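Colleague: Sharing a model that was predicted from the sequence below.
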Amino acid sequence: MAEARVELPGSHRPQAIGAEQVGTADPGEEVEVTVTLRGPDLPSAEAAAGPRLTPDAYEAAYGADAGDAAKVKEELEKLGLQVYDVSLAGRSLHARGTVAQLDAAFGVSLGVYESASQGRFRGRAGDITIPAALDGIVTGVFGLDDRRMARRKAIPTLTQLPPALTPADLEDRYHFPPGDGTGQTVAVAEFFGAYFPSDLKAFCQKYGRPVPAVTPISAGFPVVTLDQIAHLAPDVRKEMLEASGEVMMDVEIIAALCPAAQISVYFAPFTQKGWIDLINMAASANPLPVALSISWGLAEDSPNWTRNAIREINLRLQAASMLGVTTCVSSGDDGVGDQVNDHKAHVNFPATSPFVLSVGGTMLEGTPTEEVVWWNAPGDRSVRGGGSTGGGVSTEFDRPAWQTVTVTSLNPRSIDGRIVPDVSALAGSPFYDLIFLGHDAPNGGTSASAPLWAALLARMQPGLAPANQRRFLAPLLYGNGPGGQPVGQAGCTGITRGEDNRSPGMREGYPPGPGYDAVTGWGTPIGTKLQQLLS
């Protein structure tokens, strides 16, 4: 008699947008999946400003049950899968098997799909089923489908721009406190590309700064060298090099501002599984990072997300926040439409998570120079040179009580959702002075403002009281400081001028204004003042 099976809640996945099935997956191909497990309920988002836990205390209070993990391992091994890397704190385990074994184990039919935007990939449609014995224990199975679930900006074509900002310019503009990041670790999330030590060395030499310790770490995507990339097929090589330019932007911004910090760069596939594995790894590192910088995302209501993926990624971001890690996430570079093009307002996930610091973008214009909302026509990257800061009101996450501001959604009858961004920094002209493949390569986007904030947190950390205690920053910005003003308002320069963040197909975006707004949040940092207010 066939073993009873049940549908896995939240696992439904439609066929990828714009994709066509062109074949079935090779039944003998080996595939690794991440299986997530139930655990005790985590505190509500309202408790996000509460005391930090140690990793051991978190695992004891909120980790998966050892008996559950053992039962899942036993059941999956009965189905012929190899089970390893069981993590109670990460509420997950890894399993490996052939496509044929995984099809049988999880009630799917894996196929080969093709689309203009993603090329060929392994995918599925419909629901996952699991043995009835695992009902309520297994909360997700990720990695069967490897469609792309992360994007960030492309390297811009820059001509006739003012000189890009140097590290000293950034320190001065944003009032970085003295220091060099000694004793701090900053983690960086990457879903494609590679790290090139020669570029970092050249960049640091250009500005007379020491070369920091950078550790590339595989979270399922291989750590590769420039020489290895040179031997790839031309189309893959081009995409890898473009992504590597973004990797080097993240690393060089943090390195320039925190040259004595340890920088850990995690490389994961740009899949739902990649998101979960990367955040699990960063949140279990020893030592823990003071900040995790993420310059990737996708519209939170994209049908390509499964409901249980949004839940499981958000749970791991919450775990990181409870450990005192501030995850700095770019709010996106495509304005209020976020590349969805359905004439509605959209926002990027994971920037909309209540457990991250969402970072928007500004640019400099005029004489004398003024910092304004980043908006270049048409407001997204559909035209070379275009782009705009992401921002708006979530349709997926309720506004947490600690976010004591109100913005009305541009979407009629929307929920009173989490508002993004929380803060901002330079994203547009004149961009950041960087080096890529041995040449000057100015770059920007909110992909740059997120690592800047991560570096600022590392610089502020040693001067905070209690001494060097990590804390999740976002909710603290909305609480009142000693003078009665919200910390974010007192510790940031408000951005009150510039365009709204409209994008093609939208008549309006969210406008800037005094106090908090949904394009630049509280504004850009006054680092020394923030450090004082948080101590």
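Modeller: Thanks, I have the structure now.

Colleague: okay, and for the stretch 151-300 of the chain, where does confidence drop off?
Modeller: 153-161 (pLDDT under 70).

Colleague: D145 - that's part of a strand, no?
Modeller: No: counting by DSSP: H, G, I helix; E, B strand; the rest coil, D145 falls outside a strand, being coil.

Colleague: Roughly how far does it sit from E246?
Modeller: 24 Å (C-beta to C-beta, to the nearest Å). No exception for glycine: its C-beta is placed from N, CA and C like everyone else's.

Colleague: how about the helices of this structure, start to end?
Modeller: Secondary structure of the chain (DSSP state H): helices at 55-62, 66-78, 99-106, 167-173, 197-206, 226-230, 234-257, 272-283, 307-322, 446-460, 487-491, 527-534.

Colleague: A465 - nearest residue in space that isn't next to it in sequence?
Modeller: Ranked by C-beta to C-beta, 6 or more residues apart in numbering and with sequence neighbours excluded, the top spatial neighbour of A465 is S535, at 4.4 Å.

Colleague: Mind listing the residues bridging to the closest residue to M249 other than its chain neighbours?
Modeller: Leaving aside its sequence neighbours, M249 sits nearest to N443 (C-beta to C-beta, 6+ apart; 4.8 Å). For N443, the beta-bridge partners under DSSP bridges are Y432.

Colleague: Correct me if wrong: N443 contacts E252.
Modeller: No: counting by C-beta atoms under 8 Å, N443 sits too far from E252 to count as a contact (9.2 Å).

Colleague: which residues are common contacts for the two?
Modeller: 432, 434 (C-beta atoms under 8 Å, 6 or more residues apart in numbering).

Colleague: quick one: which of the two has more around it?
Modeller: A side-by-side neighbour count of N443 and E252, using other C-beta atoms under 10 Å, places E252 first with 26 against 23.

Colleague: Strands of the stretch 301-450 of the chain, residue ranges please.
Modeller: Applying DSSP state E, counting those that start in this stretch to the stretch 301-450 of the chain gives strands spanning 326-330, 348-349, 357-365, 370-373, 375-376, 387-388, 392-398, 417-420, 423-426, 435-436, 439-440.

Colleague: got the contact list for P40?
Modeller: 61-62.

Colleague: Can you give me the distance of it to L88?
Modeller: Applying C-beta to C-beta to P40 and L88 gives a distance of 11 Å.

Colleague: related to what we said a few turns ago, save the helices of the chain as CSV, and put in distance to M149 too.
Modeller: Formatted as CSV, the helices of the chain follow (distance: least, C-beta to C-beta, whole Å):
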stretch, distance to M149
helix 55-62, 25
helix 66-78, 24
helix 99-106, 19
helix 167-173, 31
helix 197-206, 28
helix 226-230, 23
helix 234-257, 15
helix 272-283, 5
helix 307-322, 8
helix 446-460, 17
helix 487-491, 30
helix 527-534, 33
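
Colleague: Tell me how the protein divides into domains.
Modeller: The chain is divided into the following domains under automatic domain parsing: 5-142, 167-534.

Colleague: Tell me which of the strands of the stretch 301-450 of the chain is the most buried.
Modeller: strand 387-388 (a mean of 33; mean count of other C-beta atoms under 10 Å).

Colleague: Can you tell me what sits against that one?
Modeller: The contact list for strand 387-388 (C-beta under 8 Å, 6+ apart) reads 153, 156, 333-336, 361, 373-376, 379-381, 427-428, 445, 499, 501-503, 509.

Colleague: redo that, cut-off 10 Å
Modeller: With contacts defined as C-beta atoms under 10 Å, 6 or more residues apart in numbering, strand 387-388 is touched by 153-154, 156, 332-337, 360-361, 363, 373-381, 427-428, 444-446, 498-503, 509, 519.

Colleague: Please identify the deepest-packed of the domains of the chain.
Modeller: Comparing those by mean count of other C-beta under 10 Å gives domain 167-534 as most buried, with a mean of 22.

Colleague: Please compute how far that domain lies from its chain's middle.
Modeller: 8 Å (C-alpha atoms, centre = their mean, to the nearest Å).

Colleague: distance of the residue nearest to the spatial centre of the chain from P163?
Modeller: The chain has I294 as the residue nearest its centroid, 3.4 Å off, counting by C-alpha atoms, centre = their mean. Going from I294 to P163 by C-beta to C-beta gives 29 Å.
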